[in-house]
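Generate a structure from the sequence data that follows.
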Amino acid sequence: MNQLIKRAFLDTEDGQILYRIGGEGQPLLLLHMTPRSSDEFREVMPILAQNRQVIAMDLMGLGDSDKPPRIYSVADYAKNAIALLNELGIKQSSILGSLTGGYIAGEVAAAYPERVNKLILCNVHGFDREETDKIAQRYSEGFQIQADGSHLMSRWLARANYIGTGELNHRCVLEDLKCFSSPIYTGLAVADYCLDAPERFQSIKCPTLNLSGEKSLEPLEQAGLAKAKNQLWLSKAIPHSRRVELQGGTLWMMNQMPKEISKLIIDFLDNPQEEDDGK
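So this is what the prediction gives:
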């Protein structure tokens, strides 16, 4: 039976944060990629909530959360995650982060180790200096409204080759439109952080699942934003992590393959293996 997922807002000194919550039991916090929202976890949350409490937040500047009053850092986003856990009375939680959310989840585990039980890093790709400069420039400009409405078709076509042209693409375009005409704060935060991430992540000691989709790197490579040679950094930074590659998985696999993803998450949380299985 599907579990009811409710929505609520957390008030912070920097604005309101929307979050979704459902289920009971051991908590799992979900942090989304850019420029998505907690909608990235719409399909997996009811499955995971059958046996645990699941929380997903819209990172500030995206979805239905307020735009932050300044350029945010990954450390600021990590503090937001801790503030939400505090508001809910959760002393320790497992955390899953997808790409951008993975960098934030890793920082939470590094900066607040006593608050993190287990860690799942999904499609947390690595970037070099050239690529972070491109990311920073792209996200500082953000998406711009065009008088002829061509920005709408541009966003529709941006991922059509990887996600299809149906309902999921529509959901992604709606999320794009919510962050138009301003910097994309989460992207800027990661661009400023990811070169330091290998050193920061070395302090992570909790059981960690390094989960990636077989095809998740393709759109980033096509856009010149990532290279295959830079993708071993996570296993090196967290050598005790368990590495799993999901066949056919993409950047949008949370929505496209919810049953397969949920099984991997549940198996890891219930029976963690701390060593890399080499798959």
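
Going along the chain, name the helices of the protein.
44-48, 74-87, 100-111, 129-141, 150-158, 160-163, 167-177, 185-193, 197-201, 218-222, 233-237, 253-256, 258-270 (DSSP state H).

possible to save those helices as JSON lines with mean pLDDT and distance to N123?
In this view, the C-beta of every residue, glycine as well, is placed from N, C-alpha and C. Formatted as JSON lines, the helices of the chain follow (pLDDT from 0 to 100; distance: least, Cβ to Cβ, whole Å):
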{"stretch": "helix 44-48", "mean pLDDT": "97", "distance to N123": "14"}
{"stretch": "helix 74-87", "mean pLDDT": "98", "distance to N123": "16"}
{"stretch": "helix 100-111", "mean pLDDT": "98", "distance to N123": "7"}
{"stretch": "helix 129-141", "mean pLDDT": "93", "distance to N123": "15"}
{"stretch": "helix 150-158", "mean pLDDT": "94", "distance to N123": "17"}
{"stretch": "helix 160-163", "mean pLDDT": "90", "distance to N123": "12"}
{"stretch": "helix 167-177", "mean pLDDT": "96", "distance to N123": "15"}
{"stretch": "helix 185-193", "mean pLDDT": "97", "distance to N123": "13"}
{"stretch": "helix 197-201", "mean pLDDT": "97", "distance to N123": "14"}
{"stretch": "helix 218-222", "mean pLDDT": "92", "distance to N123": "9"}
{"stretch": "helix 233-237", "mean pLDDT": "96", "distance to N123": "10"}
{"stretch": "helix 253-256", "mean pLDDT": "96", "distance to N123": "8"}
{"stretch": "helix 258-270", "mean pLDDT": "97", "distance to N123": "11"}
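
And these: which comes nearest P68?
Closest approach to P68 among the helices of the chain (Cβ to Cβ): helix 185-193, 5.7 Å.

ok, residues contacting the closest one?
34-35, 59-62, 67-68, 71-74, 76-77, 100, 103-104, 107, 127, 132-133, 135-136, 138-140, 200 (Cβ atoms under 8 Å, 6 or more residues apart in numbering).

contacting residues for the residue lying closest to A8 once chain neighbours are set aside?
Leaving aside its sequence neighbours, A8 sits nearest to Y19 (Cβ to Cβ, 6 or more residues apart in numbering; 6.0 Å). Y19 sits next to 7-10, 38, 55-58, 84 when contact means Cβ under 8 Å, 6+ apart.

Report the buried members of the contacts of helix 185-193.
When the contacts of helix 185-193 are checked for burial by 16 or more other Cβ atoms under 10 Å, the buried set is 34-35, 59-62, 67-68, 72-74, 76-77, 100, 103-104, 107, 127, 132, 135-136, 138-139, 200.

what sits against I184?
34-35, 61-62, 139, 142-143.

repeat that with 7 Å
34-35, 61, 139, 142 (Cβ atoms under 7 Å, 6 or more residues apart in numbering).

how about CSV for those, with distance to T165 added?
What follows is the contacts of I184, written out as CSV (distance: Cβ to Cβ, whole Å):
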residue, distance to T165
T34, 21
P35, 18
G61, 27
Y139, 25
G142, 24
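
Now stretch 250-269: buried residues?
For stretch 250-269, using 16+ other Cβ under 10 Å, the buried residues are 250-258, 261-262, 264-266, 268-269.
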